[in-house]
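[1] got a sequence here, can you model it:
(one chain, ligands or ions: 2)
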Amino acid sequence: MTGEKSKAAIFSEVGKALEIREFNLPDKIEKGAALCKVTMSTICGSDLHTINGRRNEPLPLILGHEIIGTIVALGEGLEYDGLGNKLAIGDRVTWTIMASCGNCYYCRNGLPQKCEKLAKYGHTCSTQPPHLTGGYAEYIYLFSGTVIYKIPESISDEIATPANCALSTSINAVETIGLQEGETVLIQGAGLLGLNLVALAVEAGAKKVFITDVMQSRLDLAKRFGAHVCLNLKDLSPDEVVSQIRAHTGGYGADVAIEVCGVSKVVPQAVQALRIGGRYLVAGLVTPGSNLDIDGNQLTRKYLTVKGIHNYHPKHLGMALKFLEKYSGKYPFGELVGKVFPLSQINEAIKEASSGEFVRVGVRT
Ligand SMILES: [Zn+2]
Ligand SMILES: [Zn+2]
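    Residues are numbered from 1 along each chain as shown. Ligands and ions are numbered 1, 2, ... in the order given. Below you'll find the predicted structure:
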């Protein structure tokens with residue numbers, strides 16, 4: 001690989017267009033690491049947060065963490081994927097959005113996604129070698145501590161690409177809040193996480209799935225993913241939303257609520273809409289300053305459980321692929337990537353993604 005180069009889109013400053021630059025491919029693949037040729041990336045909401053300056057990342061960097069690719073080189077000792085399948089050059093793969101050390105306090109206590117030495121793809125400064133650590137590029141270097149998964153042939157590129165962010169996080173959400181068969185669930189936000197959650201809740205046997213959003217097109221899509229009651233926050237007051245949920249749950253309120261819209265002002269609504277003893281998972285408040293205006297008295301008197309999650313455990317990506325293998329034909333997963341651009345048109349792709357017309361916009365290299 002010595003002498004070969006990779007194009008990559010560099011984000012260096014808020015308000016400045018991304019620039020295509022070239023980097024040398026690494027001379028050496030470290031033990032446990034890998035080099036992949038990127039097939040496709042999708043633009044996640046968190047990439048747009050960074051581009052718009054709503055969250056701070058070390059700059060300059062190559063954005064993009066929802067990625068799939070093919071293996072070009074494997075470092076010593078990296079032989080198997082997360083499900084125990086043998087890895088080889090040319091395999092079509094996805095991988096965890098992060099690399100963890102495996103030894104620190106959090107790695108040893110079941111939270112490798114919060115590793116003290118965490119490296120996250122699309123969130124790491126590109127100044128230092130191996131430089132190529134984001135999806136908007138021709139190649140990506142996978143650090144040791146990344147869990148790779150072979151993608152089953154039946155799953156298309158468009159369906160597989162966002163699985164290592166949104167679907168894996170959604171699976172973590174359902175597991176963390178312990179959604180049970182026969183329960184009622186309120187999902188706040190019909191972005192990709194919310195749409196995934198609808199399908200996951202339906203397959204988990206939820207009795208009723210409510211979803212809120214401000215975009216009718218997203219709510220219409222949620223309906224096709226199996227949501228029973230779609231509530232448009234543009235048309236309804238917070239009190240009306242709560243009373244509709246109560247009306248559908250025998251007056252008690254929902255058993256479970258999951259926030260995945262990233263807007264802190266919806267939190268009081270879920271606190272109101274949950275039944276006594278209800279459980280609330282806050283999974284979308286990834287930007288600093290997401291202050292909450294809730295009456296703590298309600299948490300106490302209603303016996304509420306409130307939890308947070310951020311990203312996911314590597315096992316959740318394996319579960320995501322299994323879920324897609326089984327259900328991607330049953331739900332409109334194939335419609336989620338609305339438009340695909342070449343890497344050379346990355347700025348047009350970002351503009352399209354920002355318009356919100358499509359759940360995801362893709363970048364192909
Ligand atoms: Zn993401
Ligand atoms: Zn660690």
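
[2] get me the contact residues on the stretch 1-150 of the chain for ligand 2.
    With Cβ under 5 Å from the ion as the criterion, the stretch 1-150 of the chain comes near ligand 2 at residues Ser100, Cys101, Cys104, Cys107, Cys115. (Glycine included, C-beta is placed from N, CA and C.)

[3] repeat the analysis, applying 8 Å as the threshold.
    Neighbours of ligand 2 within the stretch 1-150 of the chain, by Cβ under 8 Å from the ion: 100-108, 112, 115-118, 145.

[4] and the residues you listed, which two are the farthest apart?
    Tyr105 and Gly145 (15.3 Å; Cβ to Cβ).

[5] quick one, which of the two is more surrounded?
    Gly145 (21 against 10; other Cβ atoms under 10 Å).

[6] that one contacts Asn103, doesn't it?
    No. The pair Gly145 and Asn103 does not pass the contact test of Cβ atoms under 8 Å, sitting 9.7 Å apart.

[7] gap between the residue in the stretch 1-150 of the chain positioned nearest to ligand 1 and Ser354?
    Relative to ligand 1, the nearest point of the stretch 1-150 of the chain is Cys44 (3.0 Å; Cβ to the ion). Distance of Cys44 to Ser354, computed by Cβ to Cβ, to the nearest Å: 12 Å.

[8] between the two, who's got more neighbours?
    In terms of neighbours (other Cβ under 10 Å), Cys44 is the more surrounded of Cys44 and Ser354; the figures are 24 against 13.

[9] and the more buried one, what does it touch?
    With Cβ atoms under 8 Å, 6 or more residues apart in numbering as the criterion, the residues that contact Cys44 are His65, Glu66, Pro162, Cys165, Ala166, Leu192, Arg360.

[10] please apply the same query to Arg279.
    Residues near Arg279 by Cβ under 8 Å, 6+ apart: Ile177, Gly178, Asp255, Val256, Ala257, Leu304, Thr305, Val306, Lys307.

[11] wait, a strand at the third one?
    Yes. Using DSSP: H, G, I helix; E, B strand; the rest coil, the secondary structure at Asp255 is a strand.

[12] need the residues of the stretch 101-250 of the chain near ligand 1, please.
    Within the stretch 101-250 of the chain, the residues that sit near ligand 1 (Cβ under 8 Å from the ion) are Gly122, Pro162, Cys165, Ala166, Thr169.
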